[in-house]
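1. would you be able to build a 3D model of this:
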Amino acid sequence: MEVIQTTTEGSSSRTSLLDSSPQQPRHDKGDGDGDGDRTIDEALRQLETFLRVFGFCQYSLLSFALSSLSFLVVGVVTPLLCIELSNCSNCEKYQIKRFELEILVSEVVVAAISLLCISHNLRKYGVRRFLFVDRYHGRLIQFREEYVQRVRGFFRLLVIWILPCLLVKTIREIIRIIYAHQNSWWQSVAILFALIVSWSYSTIIYFSACALFNLVCNLQVIHYENYGKLLERDLDVLVYIEEHIVLTHHLSKISHRFRIFLLLEFLVVTASQFVALFQTTGNRGIINFVNGSDFVVCSIVQVVGIILCLHGATKISHRARGISSVGSRWHALVTCNSNEASQSGTLNSRGNMEASQALGSLPINYSESDLESIDVPLPVNTQLVSYMATYQKRQAFVSYLQSNPGGFTVFGWIVDRALIITILFVELSLVLFVLGKTITYTTT
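-> The predicted structure is shown next:
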């Protein structure tokens with residue numbers, strides 16, 4: 001049985017019980033721990049700097065004012081002025097103002113929801129507590145490396161999805177300006193640059209919020225995946241229960257912090273997609289790449305963001321529910337091994353009992369004073385009692401896991417594969433309803 005050490009310093013009153021890596025001599029890890037701490041600190045510092053640049057870190061009144069002003073100017077006023085200045089009355093083949101305004105509204109709304117929800121949580125908890133890395137302080141080699149990989153994956157995810165959409169958006173704007181410009185070329189180039197900057201700003205804010213939620217879920221998945229390795233160690237069952245309670249508590253915190261964000265984003269994106277579908281299928285004019293590609297780019301960005309959120313939520317729900325199967329398998333293996341190991345002991349104890357009965361059948365004469373002084377012990381199999389107590393503890397632990405499956409919830413609804421399938425069919429029904437209202441066939 002290993003001894004679990006704890007400290008008494010504030011938030012670090014619990015040390016990690018999930019360090020399943022083999023123990024190494026301390027003189028071999030001294031420099032490595034310092035380098036690893038600097039690595040995770042640098043990764044978190046880069047993440048916080050990125051979030052601060054785009055207005056998520058509103059730690060003071062000044063930063064809140066600057067973030068709000070930047071969003072209003074860059075995300076709302078600038079694209080609205082560009083749409084008005086580049087409006088062409090006879091250029092519906094290259095630009096439809098109604099489409100442009102609807103796309104701008106959807107982009108501004110999802111970006112505003114992302115900025116408000118994420119900045120509120122960061123202002124309340126800070127980056128470390130927001131990501132739940134404050135508990136371990138990055139001192140465990142295994143978690144430290146996983147943390148750094150996940151943070152780097154956050155930036156990689158943004159680059160992979162934003163750059164292709166930015167390329168399509170830029171090509172579309174260039175083609176539109178070439179064929180539909182009415183002003184000087186310098187003004188057209190300025191409008192092009194302003195539209196690209198504004199779109200990039202709003203898109204990065206929305207995508208960053210979705211990728212940040214996915215990052216929080218992936219960081220917790222590390223702990224759930226490593227929880228199975230904890231069962232390989234010879235610890236008390238109470239330790240396993242306490243660690244599972246901590247993981248479940250963190251998962252409930254994540255659900256509470258992100259449920260409004262996820263629900264609002266999903267409703268707005270769904271409404272935006274159906275408005276886009278209704279407008280494109282109900283439009284009587286010609287829709288081509290120039291005047292309709294903004295709907296495609298906007299839809300790709302918003303749908304990918306929702307998919308990232310749902311993927312992170314379902315992944316952590318799947319890992320949380322898989323703990324019960326891991327615990328049941330561990331209980332079965334330990335029970336079978338204990339039975340095999342105790343068979344020889346049972347045979348020995350049975351032989352001892354038979355021997356004691358044989359000895360008791362021998363004619364032995366005791367005097368009355370001898371009988372008064374003799375204290376005959378009752379035969380108790382302590383090994384069996386210990387085994388049954390351990391078995392009952394493991395059985396209680398498995399029952400606890402099965403009755404507390406856990407998972408990411410949105411107001412009581414667990415976000416898992418079954419819920420996603422339900423959402424898919426509801427969305428498909430709405431799509432068919434919109435198509436039935438906009439697309440008609442005539443026999444003439």
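2. quick one: residues contacting residue 401.
-> Taking CB atoms under 8 Å, 6 or more residues apart in numbering, we find residue 401 in contact with 244, 323-324, 327-328. C-beta coordinates here come from the backbone N, C-alpha and C atoms, glycine included.
3. how about the secondary structure of it?
-> Here residue 401 takes the helix state, with states given by DSSP: H, G, I helix; E, B strand; the rest coil.
4. how about low-confidence regions in the stretch 151-300 of the chain?
-> 181-183, 234 (pLDDT under 70).
5. which residues in it form helices?
-> Assignment of helices within the stretch 151-300 of the chain using DSSP state H, counting those that start in this stretch yields the ranges 185-230, 237-282, 289-360.
6. what's the closest of those to residue 156?
-> Closest to residue 156 of the helices of the stretch 151-300 of the chain is helix 185-230 (CB to CB; 9.6 Å).
7. that closest one - contacts with which helices or strands?
-> helix 26-53, helix 78-85, helix 97-131, helix 141-180, helix 237-282, helix 289-360 (3 or more CB pairs under 8 Å, 6 or more residues apart in numbering; DSSP states H and E).
8. for residue 59, find the nearest of those helices.
-> That would be helix 97-131 among the helices and strands packed on helix 185-230, by CB to CB, at 6.1 Å.
9. rewinding a little: any idea which of the helices and strands packed on helix 185-230 is most buried?
-> Of all the helices and strands packed on helix 185-230, helix 97-131 carries the top mean neighbour count, a mean of 19, counting by mean count of other CB atoms under 10 Å.
10. quick one on the thing from earlier: could the helices of the stretch 151-300 of the chain go into CSV alongside distance to residue 155?
-> As requested, the helices of the stretch 151-300 of the chain are exported to CSV (distance: least, CB to CB, whole Å):
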stretch, distance to residue 155
helix 185-230, 9
helix 237-282, 20
helix 289-360, 14
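11. nearest to residue 128, of those?
-> Of all the helices of the stretch 151-300 of the chain, helix 185-230 sits nearest to residue 128, with 11.1 Å by CB to CB.
12. relative to helix 237-282, how tilted is the closest one?
-> 150 degrees (axes from the mean of the first three to the mean of the last three CA atoms, to 10 degrees).
13. between helix 185-230 and helix 78-85, how big is the angle?
-> Going by the same axes, to 10 degrees, helix 185-230 makes 150 degrees with helix 78-85.
14. how far does helix 185-230 sit from the chain's center?
-> 14 Å (CA atoms, centre = their mean, to the nearest Å).
15. now it against helix 97-131, angle please.
-> Using the same axes, to 10 degrees: helix 185-230 against helix 97-131 is 40 degrees.
16. run the angle between helix 185-230 and helix 141-180 for me.
-> Using the same axes, to 10 degrees, helix 185-230 lies at 160 degrees relative to helix 141-180.
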